[in-house]
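**Q** sequence first, then the predicted structure, then my questions.
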Amino acid sequence: MADAAIDPRELLPPDEPVHLLDPDGTYHEDPEHPIDLDDAGLRELYRLMLVTRKVDREAINLQRQGQLGVYASCMGQEAAQVGSAYALGEEDWIFPSYRELGAALVRQCDAAGLLHLYRGTWLSDHDPYKHHFALMSIPIGTQALHATGFAMGARLDGNPIVTMTYYGDGGTSEGDPHEAMTFAGVMKSPVIFFVQNNQYAISVPLDKQTAAPTLAHKAVGYGLPGRRCDGNDVLATYAVTRKAVERARSGEGPTFIEALTYRMEAHTTSDDPSRYRTQTELDEAAKTDPIVRMRNFLQQRDLYDAELEQAVEDQAKEVASYVRAGIYDAPHGDPMELFEHVYVDPTGHFEGQREQLRAELDAAQEG
Amino acid sequence: MAVTLAQAINQALHDAMTEDERVLVFGEDVGKLGGVFRVTDKLQETFSEARCFDTPLAESGIIGTAIGLAMYGYRPVPEMQFDGFTYPAFEQIVSHLAKMPNRSRGTVKLPVTIRIPYGGGIGAVEHHSESPEAYWAHTQGLKVFTPGTPDDAYSMMRAAIAMDDPVIFLEPKRRYWMKSETELPVQTEAPHRAVVRREGTDVSVFCYGPMVRTAMEAAEAAADEGWSLEVVDLRSLNPLDTPTIVASVQRTGRAVVVHEAAQTLGMGAEIAARIQERAFYSLEAPVLRATGYDTPYPPAKLEEFWLPDVDRILDLVERTLAY
Ligand SMILES: Cc1ncc(C[n+]2csc(CCOP(=O)(O)OP(=O)(O)O)c2C)c(N)n1
């Protein structure tokens, strides 16, 4: 029954994380991790990262102005998200946590719609089937199982799609991702577990989260290859994910990827990171900014000029103001919507509660 | 033909799988073994390992992947091997299965039917005899059904699988071997309706799942005392069929609620509240509850003292008649 014994050494993460771009943009070719992108594709990665940062900044501003209740920034993690999501095909699915704005923008989700989660108007406002982007999940790591189940279904159906789920370093301690890796390994499901190791789970640093040599080592116990990449290097996250996608699509099964990155902003806008990390650490992290790095690379290749920067900046601004308007203008706030979509067929549910709210609303209107 | 409740469910799964190839059955030991109670007997043989499969031993994994499969377009019917082992899956059931359709404003439908053998009375080791129904009935977004007869087991299971809402399907394990003379397929009342199993004029007895039979036996015995009990099988714990409950109390003026689960905040509390809200002036006596005690489920040698039985029901019937 069992396949030829797996050599655990093939599952172990290599000693060094895959790294293709230096902070100054110098590119190191790696025959194991080729970049199959043309000039337009390379620029697109840059554009997506910059737009992500602008929207992220806009969201933080909106929160400060009281327009969002809270917001979880992805600043510093743009390369991890954009490179990995860009490596998927259009039909492939993403199962995100709450922090994957960059991945959502790659999937062309409406940025304003996504922020309703944080505004408190709707619990979610995007159609997962349109963007192949599942609802953002707040309970940590739980979405890994949905990605695995979806991938099991696709495989059963003979549909050559791949799913990818994102969670954080803290998420690797939760039970559900372990159950997901167990299922995926046994069923050879075409799923990729993409962990953004941004060094902290709220205030808790990695060394208080795990005693494993690296997070990628955890994969071995489930029969999954554990891979690591420089998560601030968009070409590396792209190339490593690309390989995992090919592996999954060809029926070889799941891959676990750990992207080493850094959360530059607070955990959420409610957090006070000065209690647990130093300015020196932040200054150090700023030197590895993924966007600067990609810009340096494009410059070295003569793919970057003032015109591109202007175009991308303009577009990013446009999206940011679109987000602001979308957040303000979306029709919402109908209290009767409380009772919608709880059940497809609400036979006998709500026992007069709908009428009660209607009466309260009418009474309020009459003043 | 005599069919047991377990056979009726097996047949329901078989027929649903025949009719719709998106129906998948999976869980712990459901394949070759056919489930520890043999409820999934021969499904793997008939429908292949692709459609009836053993999963790794991980309850959250079973329900979490069922959610992913449902999002893809399947109609999963996962099995939780025993009531006491659903707790590891609590998070997936409560946070995702119940809420995702609502969170997605209706764009995600999760037609998942979770089968859970529940309740005591079979002399099992601990964690194998629990009645966790209140957790599920309290979780909005789920429907919670529990059949008390083989006919209902077949019909309600078919209905649950055909529904686009997630359903917790509680199977009264001590009644798995209970027989009825019936010809399958059979269609009984819609699952969200309570059914009057026996008409009576003195006291309404509300029951469900494993206690339906016990309540019927109590009604039988009560007749010898000259008391006429009306037995109402609730069948659905969410939604609760309030009109049927209220109408019964309006006829009899008295009510006893019976369930195995511990009393505090059990289904009996909700039913009593609804009765006094809507049938206050029909009541001749307070609503009483014949339930398990507010203790952990006891060791097997003591369960007969813990579980509500015919005597406990009759004692309460007598008390309510004394008002
Ligand atoms: C099951 C669960 N427990 C606790 C929380 C509260 N919480 C929200 S985010 C977070 C830390 C998550 O850290 P990590 O997985 O590293 O992801 P990151 O936020 O860094 O992206 C915690 C503890 C939660 N959302 N879900």
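**A** Okay, I see it. Everything numeric in this text was worked out from a predicted model, so none of it was measured.
**Q** what parts of chain A come near the ligand?
**A** Taking C-beta under 6 Å from any ligand atom as the measure of proximity, chain A contacts the ligand at A:99, A:138-140, A:167-171, A:198, A:200-202, A:263, A:267. Every C-beta, even on glycine, is put in place using the N, C-alpha and C of the backbone.
**Q** which of the residues you listed come close to chain B?
**A** residue A:139 (C-beta under 8 Å from any C-beta of the partner chain).
**Q** strands along the chain, start to end?
**A** Answering for chain A, as no chain was given. Shown for chain A, the strands assigned by DSSP state E span residues A:93-95, A:163-168, A:191-197, A:200-201, A:204-205, A:226-230, A:255-260.
**Q** ah, I was thinking of chain B
**A** Using DSSP E, the strands of chain B run over residues B:2-4, B:23-27, B:52-54, B:75-79, B:113-118, B:143-145, B:167-172, B:179-181, B:195-198, B:203-207, B:229-233, B:236-238, B:255-262, B:288-292.
**Q** make JSON lines out of the ones you listed and add distance to chain A, mean pLDDT and mean neighbour count.
**A** Below are these laid out as JSON lines (distance: least, C-beta to the nearest C-beta, whole Å; pLDDT from 0 to 100; neighbours: other C-beta atoms under 10 Å in any protein chain shown):
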{"stretch": "strand B:2-4", "distance to chain A": "27", "mean pLDDT": "97", "mean neighbour count": "16"}
{"stretch": "strand B:23-27", "distance to chain A": "8", "mean pLDDT": "98", "mean neighbour count": "24"}
{"stretch": "strand B:52-54", "distance to chain A": "9", "mean pLDDT": "98", "mean neighbour count": "21"}
{"stretch": "strand B:75-79", "distance to chain A": "8", "mean pLDDT": "98", "mean neighbour count": "26"}
{"stretch": "strand B:113-118", "distance to chain A": "14", "mean pLDDT": "98", "mean neighbour count": "26"}
{"stretch": "strand B:143-145", "distance to chain A": "7", "mean pLDDT": "98", "mean neighbour count": "26"}
{"stretch": "strand B:167-172", "distance to chain A": "11", "mean pLDDT": "98", "mean neighbour count": "26"}
{"stretch": "strand B:179-181", "distance to chain A": "26", "mean pLDDT": "96", "mean neighbour count": "13"}
{"stretch": "strand B:195-198", "distance to chain A": "14", "mean pLDDT": "98", "mean neighbour count": "16"}
{"stretch": "strand B:203-207", "distance to chain A": "16", "mean pLDDT": "98", "mean neighbour count": "29"}
{"stretch": "strand B:229-233", "distance to chain A": "15", "mean pLDDT": "98", "mean neighbour count": "27"}
{"stretch": "strand B:236-238", "distance to chain A": "8", "mean pLDDT": "98", "mean neighbour count": "24"}
{"stretch": "strand B:255-262", "distance to chain A": "17", "mean pLDDT": "98", "mean neighbour count": "26"}
{"stretch": "strand B:288-292", "distance to chain A": "21", "mean pLDDT": "98", "mean neighbour count": "24"}
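**Q** most tightly packed of the strands of chain A?
**A** When neighbours are counted by mean count of other C-beta atoms under 10 Å in any protein chain shown, the highest per-stretch mean among those falls to strand A:191-197, a mean of 31.
**Q** quick one, what contacts the closest residue to residue A:160 other than its chain neighbours?
**A** Leaving aside its sequence neighbours, residue A:160 sits nearest to residue A:249 (C-beta to C-beta, 6 or more residues apart in numbering or on different chains; 5.5 Å). Contact analysis of residue A:249 by C-beta atoms under 8 Å, 6 or more residues apart in numbering or on different chains lists A:160, A:162, A:190.
**Q** and residue A:288, what does it touch?
**A** Residue A:288 touches A:23, A:232, A:262, counting by C-beta under 8 Å, 6+ apart.
**Q** from these, which is closest to the ligand?
**A** Distance from the ligand was checked for each of the contacts of residue A:288 by C-beta to the nearest ligand atom. The minimum falls on residue A:262, at 10.4 Å.
**Q** ok, that closest one touching residue A:287?
**A** No - taking contacts as C-beta atoms under 8 Å, residue A:262 lies outside contact range of residue A:287: 10.2 Å.
**Q** in chain A, mark out all the helices, start to finish.
**A** Counting by DSSP state H, chain A has helices at residues A:8-11, A:39-64, A:78-86, A:101-106, A:111-114, A:116-119, A:128-131, A:143-157, A:175-187, A:234-249, A:279-286, A:290-300, A:306-329, A:353-366.
**Q** redo those helices as a markdown table? Include distance to residue B:94.
**A** Supplementary listing: the helices of chain A in a markdown table, determined by distance: least, C-beta to C-beta, whole Å:
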| stretch | distance to residue B:94 |
| --- | --- |
| helix A:8-11 | 34 |
| helix A:39-64 | 28 |
| helix A:78-86 | 29 |
| helix A:101-106 | 26 |
| helix A:111-114 | 24 |
| helix A:116-119 | 19 |
| helix A:128-131 | 20 |
| helix A:143-157 | 14 |
| helix A:175-187 | 13 |
| helix A:234-249 | 30 |
| helix A:279-286 | 37 |
| helix A:290-300 | 37 |
| helix A:306-329 | 30 |
| helix A:353-366 | 20 |
